[in-house]
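> need the 3D shape of this:
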Amino acid sequence: DPNHPTGTVDVRVDSNGHPKYTITENVAWDFFEFDEKWKILAEKADAVCFGSLAQRSSESGTTIIEFLRHTGKETVRIFDINLRQNFYSPGIITQSLKISSILKLNDEELPILIDLLGYQNKKSEEELCTLLIEKYGLDLICLTKGRNGSLLVNERETVKHPGRKVTVIDTVGAGDAFTAALAIQYLKGSSLERISEAANKLGSWVASQVGATPPANKYVIEKLL
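Numbers count the residues shown, from 1 in each chain. Have a look, this model is predicted:
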């Protein structure tokens, strides 16, 4: 996009190791335009990962939903929700859930989501995930819990992972790494246990490195996945 600046995010980590984000507005990714190239890519995709943050502008939001509608019936659509600042609304969230196969969120986002959708937040995490699966026809919900691991829920089973002990250097990017491993293993048809182990392993490794996208050679990736 020659008319708008590249997107930037200022990340500050507090004393508890929690990142705080300040996200610049009116940048290139606020102005996605759907065209024939997007359509062809959508039709070929095995999996698509999208979030609520990139839908903060009506132009990009419309393009993302149009892209998803052009994906095939077997395409895995992962909604990695991003409840950042004020860049979300009930309309964006509901529309995204309805078009998704998988919802991925963290334990801080779950109560916000439940409140946003107007549900009673008096149930366990597992019960809330089951509620969302039934309401929106989701195939899987992945709830990440930081150092406490994760919870994976589908209509048949629940898998809990206690987390992996690592020396945390930088948590930025760990959630995205978790999602990447999840997508790879899900496309392979792996069990929830295998998905959970691979996703936690890759996510915790990224948290133990400097930066959101630490370099990893083929050997490291094969060992982690």
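
> hmm, who's touching the top helix by length along the chain?
In the chain, assigned by DSSP state H, the helix with the most residues is helix 192-207. Applying C-beta atoms under 8 Å, 6 or more residues apart in numbering, the contact partners of helix 192-207 are 140, 142, 144, 149-150, 152, 154, 157, 159, 161, 163-164, 166, 168-171, 173-182, 184-186, 190, 212, 214, 220, 224-225. Any C-beta I mention is one placed from the backbone N, CA and C, and that applies to glycine too.

> in strands, which of the residues you listed appear?
Per DSSP state E, strands hold the following members of those: 140, 142, 144, 150, 152, 159, 161.

> nearest to Glu108, of the residues you listed?
Thr144 (9.6 Å; C-beta to C-beta).

> okay, the closest one: pLDDT?
Looking at Thr144, its pLDDT reads 95.

> what's around it, how many residues?
By other C-beta atoms under 10 Å, 26 other residues sit near Thr144.

> distance of the residue sitting nearest the centre point of the chain from Gly189?
In the chain, the centroid-proximal residue (C-alpha atoms, centre = their mean) is Asp80; its distance is 2.1 Å. The gap separating Asp80 from Gly189 is 21 Å, by C-beta to C-beta, to the nearest Å.

> hmm, Ile114 and Leu128 touching each other?
Yes: between Leu128 and Ile114 there is a contact at 5.8 Å, judged by C-beta atoms under 8 Å.

> what stretches of the chain score poorly on pLDDT?
The model of the chain has pLDDT under 70 over residues 17.

> recalculate using a threshold of 80.
Residue ranges of the chain with pLDDT under 80: 1, 15-19, 84-85, 219-220.

> grab the nearest non-local neighbour of Thr213.
Counting by C-beta to C-beta, 6 or more residues apart in numbering, Gly173 is the residue found nearest to Thr213 once chain neighbours are left out, at 5.9 Å.

> same check, this time on Leu53
What sits nearest to Leu53 in space, not counting adjacent residues and going by C-beta to C-beta, 6+ apart, is Asn82, at 3.8 Å.

> picking up where we left off before, list the residues that contact both of Leu128 and Ile114?
With C-beta under 8 Å, 6+ apart as the test, Leu128 and Ile114 both reach Asn121.
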